[in-house]
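1. Quick check, what structure comes out for this input:
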Amino acid sequence: MATPTMSPGEALAQALPPELIPDLIARIEKGESIGELLGLDDEELDLVYFLGHHLYGQGKLKEALKVFGTLATLAPLKAKFQHALATCLHKMGHLRDAIERYTYLVLIEPDNPEAMFRLAECLLAEREREAAVGFLQTIVQEADDRHAAWRLRAEALLKLQLSDPSPLPGASK
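-> Below is the predicted model of the structure:
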């Protein structure tokens, strides 16, 4: 029985029958998400995603953040959930957390120039200009015609950064 001083992890461990643990570990090692382990399908997750977008659109960012954070945990390889979480964090001004999520999003969806552009925006706001310039250059070099608008935005922001007379951090003088 869970006690008030027990952590959620301890309570969960106590609630799980020990004979299920090896099977759950094996399923996780095979790539199943927590959402799949809980039996949640894409349609159910998408309904929760819709709720998060509704809250976000109403400006209820704290509530939307909880929804998007839960979705990102339940289905960590679903790019749209990671994108929603990163965007919400960005809008709330939690730039370090947004950088972490956008970076993860770029790793799971490397051909997404919007994620790279938003990551560069956060990096610039955190005065990490050299890293931001690198991502902007990647967009300019690699974005295909489907992403021409993001390439143009990256070119403009890159031009602005490269025309700044202050040296990039870490650059030799």
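2. Give me the domain ranges for this protein.
-> For the chain, automatic domain parsing gives the domain ranges 35-94, 110-164.
3. right, so of those, which gets closest to Glu100?
-> For those, proximity to Glu100 was assessed by Cβ to Cβ; domain 35-94 is nearest, at 8.4 Å. Backbone N, C-alpha and C define where each C-beta goes, glycine included.
4. quick revisit: distance to Ile25 and mean pLDDT for the domains of the chain - can I get that in a markdown table?
-> A markdown table is the format used below for these (distance: least, Cβ to Cβ, whole Å; pLDDT from 0 to 100):
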| stretch | distance to Ile25 | mean pLDDT |
| --- | --- | --- |
| domain 35-94 | 11 | 92 |
| domain 110-164 | 29 | 95 |
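5. sec struct for the residue nearest the centre of the chain, please.
-> For the chain, the residue sitting closest to the mean C-alpha position, by Cα atoms, centre = their mean, is Arg101 at 3.1 Å. Secondary structure state of Arg101, per DSSP: H, G, I helix; E, B strand; the rest coil, is helix.
6. All the helices of this protein, residue numbers only.
-> With DSSP state H, the ranges of helices along the chain come out as 8-15, 21-29, 34-37, 42-57, 61-74, 79-91, 95-108, 113-125, 129-142, 148-163.
7. And the fifth one, what does it pack against?
-> This points to helix 61-74. Under the contact criterion of 3 or more Cβ pairs under 8 Å, 6 or more residues apart in numbering; DSSP states H and E, helix 61-74 touches helix 34-37, helix 42-57, helix 79-91.
8. hmm, try it at 6 Å
-> helix 42-57, helix 79-91 (3 or more Cβ pairs under 6 Å, 6 or more residues apart in numbering; DSSP states H and E).
9. Check which residues of that helix are buried.
-> For helix 61-74, burial by neighbour count (16 or more other Cβ atoms under 10 Å) applies to 61, 63-65, 67-72, 74.
10. For Thr115, which non-adjacent residue is closest in space?
-> I think there's a mix-up here, since residue 115 is Ala and not Thr. Leaving aside its chain neighbours, Ala115 sits nearest to Leu105 (4.4 Å; criterion: Cβ to Cβ, 6 or more residues apart in numbering).
11. how close does Phe102 get to Asp42?
-> Actually, residue 102 is Tyr rather than Phe. Distance from Tyr102 to Asp42, counting by Cβ to Cβ, to the nearest Å: 23 Å.
12. isn't the residue nearest to the centre of the chain right up against Ala86?
-> Yes. Proximity of Arg101 to Ala86 meets the contact threshold set by Cβ atoms under 6 Å, at 3.6 Å.
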